[in-house]
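Chemist: Quick check, what structure comes out for this input:
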Amino acid sequence: MAKNSVVWLALVLSTLLAGGAEVDWKTAATESHRLIEIGRYTEAEDQFRAQLAEARQSPSPNRLASALNGLALSLRRQGRFQEAHPLLTEAVAIGEQTHSMPRADLAHLLSNLGANLYERALYDDAENLLRRALAMETKANRPLTLNSLAMVAFSRHRFSEADQLFREALKDLIEVEGVKTENTANVQENLGRLLESLNRLDEAESLYSRAFRTRESLLGPAHPDVARGLLNLAGIRIKFGDSAKAETMARRALLAFETARARWLAANAHVVIANALRLQRRLSEAEGHYHRALAILEPEYGPNHHKTAAVLFNLGGLRVSQKRYADAESLIHRALEIREAAYGPGDPTVIATMRDYARILSKLGRKGDAQNIEARINFGGHLKTGQLK
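Modeler: Residues are numbered from 1 along each chain as shown. As a prediction, this is how the structure comes out:
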């Protein structure tokens, strides 16, 4: 998702800051953009903060919008989506109020704000903004907004729609940019995630591998975006039963994320490491990694985000392996409530979570509650989980 902002920043600099009086500022912003590209996010943040302070003294609203967007980008690449939100909101307001901003540049700001709302699981608001942006986009940048819309559809479990949008974005990107670009790799990776969720593992691994090779050739082996691709491949290795290789790959990715201070990506790495350790029956080590992931995700995303729910669900599964069924019940119940609120009672992920929850209730001797859950499964997930005591 961050790739959308990278493209917008380059455009806003070339379109809005071409005047000779602002060449020095343009050069500074370009350097900050370069720091983001090579994974030095905190340095970029410091520079963008200084540029924003100067831009607030400038008479140019477009310069201010560009500085706000640049700082938001540096924060988003660190997973600090809540902090990025007011910056992007202000930038969009400037774009909507000024007549000097090109329509395509406003579209990119709308797309960036929509992508940020997606990361915060505010899917309805995200989709509305992204569809507004799509109607204003140029052919060259339309694929990036399609990618963001596909991610929203994927997160709402509208899988067929997401597949169509990803493939349309990928086709357009290859036509505009070519096969081996960062943006193309980003969409390949996202389509791979969709296919992985549908258990089409061979297809997913093929896409992950292509995206990984492209990024590694463009960015070098130590870049956090390359590590993200490595982590995707590690997750697939777990599903193929190769937990030792997956652990090695995920630990390498974690080191890259921690070096870049990309904490939200580090949380994902902790989860993959924990899943690999569970397969090796190294349960106490796995538990520590799940808790480290929660310590990162809950403050940034909140206790009711679907990413938090995924870690709670995995930790609940670990508790089952330890035969700590009371602890497992509490964790799986929380995960079920979050997923039900996010996806609706009839969603396949919710139904699968209900099945696990019913099994735990049976282990605890709560046969009546387990039968209630099983009845809900048989009738498509009706009745509220929160009504169970």
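
Chemist: For the stretch 101-250 of the chain, which segments are assigned as helices?
Modeler: Assigned by DSSP state H, counting those that start in this stretch, the helices in the stretch 101-250 of the chain fall at 103-119, 123-136, 142-155, 159-176, 182-197, 201-219, 224-239, 243-260.

Chemist: between these, which one is nearest to residue 280?
Modeler: helix 243-260 (5.4 Å; CB to CB). The C-beta positions use only the backbone N, C-alpha and C, and glycine is treated the same way.

Chemist: Now do the helices in the stretch 251-389 of the chain.
Modeler: Secondary structure of the stretch 251-389 of the chain (DSSP H, counting those that start in this stretch): helices at 263-279, 283-301, 306-321, 325-343, 348-363, 367-378.

Chemist: can you list the helices of the stretch 101-250 of the chain in JSON lines and add distance to residue 311?
Modeler: What follows is the helices of the stretch 101-250 of the chain, written out as JSON lines (distance: least, CB to CB, whole Å):
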{"stretch": "helix 103-119", "distance to residue 311": "16"}
{"stretch": "helix 123-136", "distance to residue 311": "20"}
{"stretch": "helix 142-155", "distance to residue 311": "16"}
{"stretch": "helix 159-176", "distance to residue 311": "22"}
{"stretch": "helix 182-197", "distance to residue 311": "16"}
{"stretch": "helix 201-219", "distance to residue 311": "21"}
{"stretch": "helix 224-239", "distance to residue 311": "14"}
{"stretch": "helix 243-260", "distance to residue 311": "15"}
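
Chemist: residues in contact with the residue nearest to residue 76 when sequence neighbours are not counted?
Modeler: Closest residue in space to residue 76, ignoring its immediate chain neighbours: residue 84 at 4.9 Å, by CB to CB, 6 or more residues apart in numbering. Going by CB atoms under 8 Å, 6 or more residues apart in numbering, residue 84 touches 71, 72, 73, 75, 76, 116.

Chemist: Out of these, grab the one that's most surrounded.
Modeler: Within those, neighbour counts (other CB atoms under 10 Å) peak at residue 72, which reaches 30 neighbours.

Chemist: Burial check on the residue nearest to residue 44 when sequence neighbours are not counted, number of neighbours?
Modeler: Using CB to CB, 6+ apart and skipping residues adjacent in sequence, the residue nearest residue 44 is residue 35, 3.9 Å away. Using other CB under 10 Å, residue 35 is surrounded by 18 other residues.

Chemist: Contact partners for residue 35?
Modeler: Counting by CB under 8 Å, 6+ apart, residue 35 makes contact with 41, 43, 44, 47.

Chemist: Please indicate which of these has the highest neighbour count?
Modeler: In the contacts of residue 35, the most neighbours by other CB under 10 Å go to residue 44, 25 neighbours.

Chemist: any idea how far that one is from residue 213?
Modeler: Distance from residue 44 to residue 213, counting by CB to CB, to the nearest Å: 26 Å.

Chemist: Please consider this matter closed, and thank you.
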